[in-house]
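> how would this look folded up:
(2 chains)
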Amino acid sequence: MKAVIEAEAVGKTYGRGDGEVGLHRLSLELEQGRVLALLGPNGAGKTTAVRGLSTLLRFDRGNARVAGYDVSAQPKQVRQRIALVGQSAAVDEQLTAIQNLVLFARLRGLDRSAAMRRAQELTGQFGLTEAATRAVQGFSGGMRRRLDVAASMIVRPHVLFVDEPTTGLDPAARRDLWRALRSLVADGTAILLTTQYLEEADSLADDIILLDRGYAVAQGSADHLKSMVGPPVIQLHFQDEADAHRAIPLLQDVDPSATLDDTRTTITLHAEAENLTRSVQVLAGIVLPTEVTMRKPSLDEVFLTLTGHDTQAAEEKSA
Amino acid sequence: MTTTSTAHRAPVVAAPGLFTAAWIIAGRTIGSWRSQLGAVVIVWLFPVFVTLLFLGLFGGALQVPEGTTYVDFLIPGMLAVTMLFGLETTTLTAAADAARGVNDRFRTFPINAASIVLGRCMADTISSLVSLAAMVTFGLLIGWRTALSPGSALAAIALLLLLRFSLLWIGLYVGYGASVESVAYVQVLVWPIAFFSSVFVNPASMPAWLGTIAEFNPVSATATAVRELLGETAWPTISVAGEFALGLALIWPLLLTATFLPLKARRFRNGGQ
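Numbers count the residues shown, from 1 in each chain, chains lettered A, B, ... in the order given. Here you go, the predicted model:
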């Protein structure tokens, strides 16, 4: 597979002297048709990374090549091969969906009639046919965002940068947008995505880089990151402490690692099918759990484990 | 999703050149006027409303030289103020574009970055010309008598647009700097700049120190220069700025442009808006 982004120790410090560090040294690689998520709270350096790689700002250290061209030496060649969907919908409120798309298409070099054709194709493709001739100011957040993504696909880019695509969207609109982004990936477009939502990174990205205050603290697939905080577990919840105490020796025969957690009523075992069926057998007729749950470590826990604080706390600190 | 016939992997077509791109970007603003015509017309006619207000308030109370009227004094000054009011339009639209990320999107296009600013410049100049035309028409309707010759009229328009051009850079610099507060400052500051000038009253009638400041005001320079070009009766002046208004009407805009254009360009290069 061909790498469409290769960044080596890129970074940016804002201001003069001992200014605020936006991004320390980030290295990453993105291949065609893959999705890479930069995950972290506000102030983690995600947007700085995207702005640098999309030629909107100059990194002051490191090298980066996008679509085969150096971002600082050949920005024009890079711009011909990328598209950016920024944090807010960069469309004109007073213009219709079609007018917005025609405008962007003409700036990409399409003539009037080709621009119009492409605008109509894109409104169809992104579920905006009915709204195509209405002014954007009446659009919902989700429609605006889809129009925004449509605008970035006028000429299909090698790399699509998407900065926090679903911030402020309701769950249905979020799922619609995810579907739209996935279909672009299926067409071979590589996406570099930033997000504050662990669920979003988990759902869309092949690879995740966890950023915290300008540092990349972990990198890998969602599963790899989750395995860093331990394997999935089965949890048996009991009525009260007495029940849990009666169950624990029986369950330790099933799985020696079975432990009673801090609540004193929940017992945790390794998540294996055999453990589940045997637990039911040994407990039958003696003491039954009120609830059985299966828990996979979430990316939230990964973040907490790796940074020592949760995403909310990091956000408050950076604010 | 289907891959359609005109969907290509970039690049297939050359991006438009500087002026084509600028004109497309200007067209975006001009196109948006149609759907908010009411608001745009109010902006265009705002100088006319202000003129009506001042004629009503001061029209009868002010001493004017023999053989002239307050209307003859006020209208050329209001033409300069019309340019000043344009600063608000530039700042507001620039701030709105910056906040919505419109500039970021344009800047990731393979077009010359200067075309983004040039497009803004074209749209705002057209807007100011419409406002200017409304002001002149209104002035003539209420009895503004002026000795218009094509040459002097063109020179006056050139001076007015030169002032507008220099204000554009302030508007873009402040607007793209883009905190909502800074936009509010511009909206408030426009008023004292308009009042402490030779537009509404003759600076010679103010206390000497204030009159001197007023005559050095860039808006006064353009207002007085336009009056001279249009052959209005000369009013007494109190400082060297009043004497050489025509020169100052050239120097001020060039100075403002020379200050704010590089500031804006530097911020643009450093990855700001």
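
> Could you grab the helix/strand/coil label for the residue nearest to residue A:76 when sequence neighbours are not counted?
Excluding the flanking residues, the one nearest residue A:76 by C-beta to C-beta, 6 or more residues apart in numbering or on different chains is residue B:110, at 5.5 Å. C-betas here are computed from N, CA, C, even on glycine. Under DSSP: H, G, I helix; E, B strand; the rest coil, residue B:110 falls in the coil class.

> and residue B:110, how many neighbours?
By the criterion of other C-beta atoms under 10 Å in any protein chain shown, residue B:110 has 24 neighbours.

> same question, residue A:3
16.

> Repeat that for residue A:187.
Count around residue A:187 with other C-beta under 10 Å applied: 15.

> can you give me the end-to-end distance of stretch A:35-53?
With C-alpha to C-alpha, to the nearest Å as the measure, stretch A:35-53 spans 15 Å from end to end.

> Contacts only, for the closest residue to residue A:81 other than its chain neighbours.
Distances taken as C-beta to C-beta, 6+ apart place residue A:67 nearest to residue A:81, at 3.8 Å, with adjacent residues excluded. Residue A:67 makes contacts with A:4, A:5, A:77, A:78, A:81, A:82, A:158, A:159, as judged by C-beta atoms under 8 Å, 6 or more residues apart in numbering or on different chains.

> Spatially, which two of these are the most separated?
With C-beta to C-beta as the measure, no two of those lie farther apart than A:5 and A:77, at 14.1 Å.

> Which one's more surrounded, these two?
residue A:5 (23 against 18).

> Tell me the bridge partners for that one.
With DSSP bridges as the criterion, residue A:5 is bridged to residue A:30, residue A:66.

> That one contacts residue A:28, doesn't it?
Yes. Applying C-beta atoms under 8 Å, one finds residue A:5 in contact with residue A:28, separated by 6.6 Å.

> next one: phi and psi at residue A:8?
Phi and psi for residue A:8, reported as degrees, to the nearest 10, are phi -120, psi 110.

> so what secondary structure elements neighbour the top helix by length along chain B?
The residue-count maximum for a helix in chain B (DSSP state H) belongs to helix B:70-100. Judged by 3 or more C-beta pairs under 8 Å, 6 or more residues apart in numbering or on different chains; DSSP states H and E, helix B:70-100 is in contact with helix B:37-58, helix B:114-141, helix B:150-177, helix B:180-195, helix B:218-229.

> I'd like the average pLDDT over the shortest one.
This means helix B:218-229. Throughout helix B:218-229, pLDDT has a mean value of 92.

> What angle do helix B:150-177 and that helix make with each other?
Put simply, helix B:218-229 runs at 170 degrees to helix B:150-177, going by axes from the mean of the first three to the mean of the last three C-alpha atoms, to 10 degrees.

> One more: the first one?
With the same axes, to 10 degrees as the basis, helix B:37-58 and helix B:150-177 are set at 110 degrees to each other.

> shared neighbours, residue A:5 and residue A:28?
residue A:36.

> what bridges to residue A:156?
Beta-bridge partners recorded for residue A:156 (DSSP bridges): residue B:9.

> contacting residues for residue B:14?
By C-beta under 8 Å, 6+ apart, the contact set of residue B:14 is residue A:109.

> what does residue B:100 give?
Contacts of residue B:100 (C-beta under 8 Å, 6+ apart): A:88, A:89, A:90, A:91.

> Just send those back as CSV, with distance to residue A:298 and secondary structure too.
Converted to CSV, the contacts of residue B:100 look like this (distance: C-beta to C-beta, whole Å; DSSP: H, G, I helix; E, B strand; the rest coil):
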residue, distance to residue A:298, secondary structure
A:88, 28, coil
A:89, 29, coil
A:90, 32, coil
A:91, 34, coil
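
> quick one on the thing from earlier: give me the phi and psi for the residue nearest to residue A:76.
Dihedral pair for residue B:110: phi -80, psi 40, per degrees, to the nearest 10.

> Do I have it right that it meets residue A:82?
No. Residue B:110 is beyond contact range of residue A:82, at 9.4 Å (criterion: C-beta under 8 Å).

> burial of residue 57, as a residue count?
Going with chain A. 21.

> ah, I was thinking of chain B
Neighbour count of residue B:57, defined by other C-beta under 10 Å: 11.

> residue ranges with poor pLDDT in chain A?
Along chain A, the parts satisfying pLDDT under 70 run over A:1, A:16-19, A:309-319.

> and with 80 instead?
For chain A, applying pLDDT under 80 flags the ranges A:1-2, A:15-21, A:89, A:226-231, A:296-319.

> Give me the most central residue, it.
Nearest to the geometric centre of chain A sits residue A:201, at 2.8 Å (C-alpha atoms, centre = their mean).

> Could you pull up phi and psi at residue A:261?
When read as degrees, to the nearest 10, the backbone of residue A:261 gives phi -90, psi -170.

> What's the local residue count around it?
13.

> Just give the nearest non-adjacent residue to it, would you?
residue A:268 is the one closest to residue A:261 (C-beta to C-beta, 6+ apart), at 5.9 Å.

> what's the answer for residue A:279, then?
Using C-beta to C-beta, 6+ apart, the nearest residue to residue A:279 is residue A:254, at 5.4 Å.

> Kindly report the same for residue A:182.
Nearest non-adjacent residue to residue A:182 (C-beta to C-beta, 6+ apart): residue A:204, at 7.0 Å.

> cool, and residue B:228?
Here the residue nearest residue B:228, using C-beta to C-beta, 6+ apart, is residue B:246, at 6.1 Å.

> Give me the phi and psi for whichever residue of chain A sits closest to chain B.
Per C-beta to the nearest C-beta, residue A:57 is where chain A lies closest to chain B, at 2.6 Å. The phi and psi values for residue A:57, taken as degrees, to the nearest 10, are phi -140, psi 160.

> So it is in contact with residue A:48, correct?
Yes. Counting by C-beta under 8 Å, residue A:57 does reach residue A:48; the two are 7.4 Å apart.

> hey, what's in contact with both of these two?
Contacts common to residue A:57 and residue A:48, judged by C-beta under 8 Å, 6+ apart, are residue A:12.

> In JSON lines, list the contacts of residue A:67 along with secondary structure and distance to residue A:111.
Output for these, formatted as JSON lines (DSSP: H, G, I helix; E, B strand; the rest coil; distance: C-beta to C-beta, whole Å):
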{"residue": "A:4", "secondary structure": "strand", "distance to residue A:111": "28"}
{"residue": "A:5", "secondary structure": "strand", "distance to residue A:111": "31"}
{"residue": "A:77", "secondary structure": "helix", "distance to residue A:111": "23"}
{"residue": "A:78", "secondary structure": "helix", "distance to residue A:111": "24"}
{"residue": "A:81", "secondary structure": "coil", "distance to residue A:111": "21"}
{"residue": "A:82", "secondary structure": "strand", "distance to residue A:111": "22"}
{"residue": "A:158", "secondary structure": "coil", "distance to residue A:111": "23"}
{"residue": "A:159", "secondary structure": "strand", "distance to residue A:111": "26"}
